[in-house]
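1. this is a predicted model, with the sequence first.
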Amino acid sequence: MHKSVLLDEVLTQLRPAPGRWFIDATVGLGGHAGALLERLLPGGRLLGLDLDAEALELARKRLAPFEGNLELVHGSFRDLAELAERHAGRPADGVVMDLGVSSFQLQQPARGFSFLVDGPLDMRLDTTRGVPAARFLERASQAELERVLREYGEERYAGRIARAIAERRHTLRSTLELARLVEATVPRREARIHPATRTFQALRIAVNDELGALAAALATLPRWLAPGGRVAVIAFHSLEDRIVKQSFRQYARAGVVALVTRKPIRPSPEEVAENPRARSARLRVAERLAG
């Protein structure tokens with residue numbers, strides 16, 4: 001069963017109440033959205049966005065009891081300002097963004113996110129558009145591959161891995177082929193982290209332009225968050241968290257938001273024990289000021 005990360009903390013920080021209008025910008029399987037809707041009724045409503053059409057359909061079934069107070073849209077939070085305007089005509093009272101990929105997506109071999117099971121090198125969050133990872137690996141130069149691995153994966157062996165991929169690029173078609181290539185190229189480091197972890201993270205970020213989408217969404221925050229409203233962002237690695245932290249601080253200096261969390265909220269030991277995926281999660285919250 002999919003478990004929403006930092007669910008209690010998100011509810012505490014966003015303060016959903018009857019009659020308010022919220023956005024779940026990464027609705028996934030609907031865990032955060034369902035808990036928010038329970039507190040937004042009566043009279044409240046929620047707009048749920050997701051790039052993954054398959055996850056969105058599963059969320060639709062899970063959230064069927066809230067059908068009259070819910071609208072689900074296949075789209076990116078990159079377009080959050082336009083979507084908020086189109087579907088409600090005004091900024092939201094609360095927004096949650098749970099970044100990264102879900103355990104559901106990792107467990108689907110055909111999606112290509114996991115280095116533990118064999119599947120096509122796809123890695124797209126939205127399978128209806130964009131370039132699969134296999135095609136990206138074919139087209140990118142060795143220098144570009146090294147840059148992606150170093151910047152998005154923070155991979156110390158980026159040069160070695162990029163060279164190995166460049167030499168084998170036209171024969172790499174599956175996730176296990178790529179994982180084994182990386183494993184054979186770099187020394188085994190931390191016992192609990194697979195050698196291909198950072199490579200798969202980097203490629204997924206590049207294929208989906210995840211950091212660009214996050215920066216674009218936060219750049220329009222005054223258009224989609226109402227005065228007095230709060231935004232809660234859950235990041236799972238330092239690259240995402242850095243963008244959120246810097247954006248919130250810039251808005252705070254400009255008097256647009258107040259920082260609700262000076263330091264990120266981390267999951268409790270009990271949550272990590274129950275849901276290991278939560279281990280690296282960090283939650284930052286900001287509140288829109290009037291004016």
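-> Okay, I see it. None of the values given here were measured: they were computed from a predicted structure.

2. low-confidence stretches in the stretch 51-200 of the chain?
-> Along the stretch 51-200 of the chain, the model assigns pLDDT under 70 to residues 189-191.

3. tell me where it has strands.
-> 70-74, 92-98 (DSSP state E, counting those that start in this stretch).

4. what's the most buried one of the ones you listed?
-> Highest mean neighbour count of the strands of the stretch 51-200 of the chain: strand 92-98, a mean of 26 (counted as mean count of other CB atoms under 10 Å). Glycine gets a C-beta too; all of them are placed from N, C-alpha and C.

5. for that one, packing partners?
-> Here strand 92-98 touches helix 7-14, strand 21-24, helix 31-40, strand 225-235, going by 3 or more CB pairs under 8 Å, 6 or more residues apart in numbering; DSSP states H and E.

6. send the alpha carbons of the first one over as PDB?
-> Going back to what we said before, that points to helix 7-14. Presented in PDB, the C-alpha positions along helix 7-14 are these (Å, rounded to 0.1, in the frame of the first residue of the first chain):
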ATOM      1  CA  LEU A   7       1.200  13.300   5.900                       C
ATOM      2  CA  ASP A   8       0.500  14.500   9.400                       C
ATOM      3  CA  GLU A   9       3.100  17.300   9.100                       C
ATOM      4  CA  VAL A  10       1.600  18.500   5.800                       C
ATOM      5  CA  LEU A  11      -1.900  18.600   7.400                       C
ATOM      6  CA  THR A  12      -0.600  20.500  10.400                       C
ATOM      7  CA  GLN A  13       1.200  23.000   8.400                       C
ATOM      8  CA  LEU A  14      -1.400  23.600   5.600                       C
END
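
7. got the angle for it vs strand 225-235?
-> 160 degrees (axes from the mean of the first three to the mean of the last three CA atoms, to 10 degrees).

8. what packs against helix 7-14?
-> helix 31-40, strand 92-98, strand 225-235, strand 282-288.

9. does anything pack onto the first one? Which helices or strands?
-> It stands for helix 31-40. helix 7-14, strand 21-24, strand 45-50, strand 92-98.

10. what does the third one give?
-> In this structure, strand 225-235 packs against helix 7-14, strand 92-98, helix 238-253, strand 282-288, with contacts taken as 3+ CB pairs under 8 Å, 6+ apart.

11. can you give me the buried ones in the longest one?
-> Using 16 or more other CB atoms under 10 Å as the test for burial, helix 238-253 gives 239-241, 243-245, 247-248, 251.

12. between those, which sits nearest Pro269?
-> Using CB to CB, Asp241 is the member of these that sits closest to Pro269, with 20.2 Å.

13. which ones are touching the residue nearest the centre of the chain?
-> The centroid of the chain falls nearest to Leu99 when counting by CA atoms, centre = their mean (1.9 Å). Counting by CB atoms under 8 Å, 6 or more residues apart in numbering, Leu99 touches 26, 210, 214, 233-236, 240.

14. which of those are buried?
-> The buried subset of the contacts of Leu99 - by 16+ other CB under 10 Å - is 26, 210, 214, 233-236, 240.

15. including pLDDT and distance to Pro222, could those residues go into a markdown table?
-> Shown next, in a markdown table, are the buried ones among the contacts of Leu99 (pLDDT from 0 to 100; distance: CB to CB, whole Å):
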| residue | pLDDT | distance to Pro222 |
| --- | --- | --- |
| Thr26 | 96 | 20 |
| Glu210 | 97 | 22 |
| Leu214 | 98 | 16 |
| Val233 | 98 | 16 |
| Ile234 | 98 | 21 |
| Ala235 | 97 | 21 |
| Phe236 | 94 | 26 |
| Glu240 | 96 | 21 |
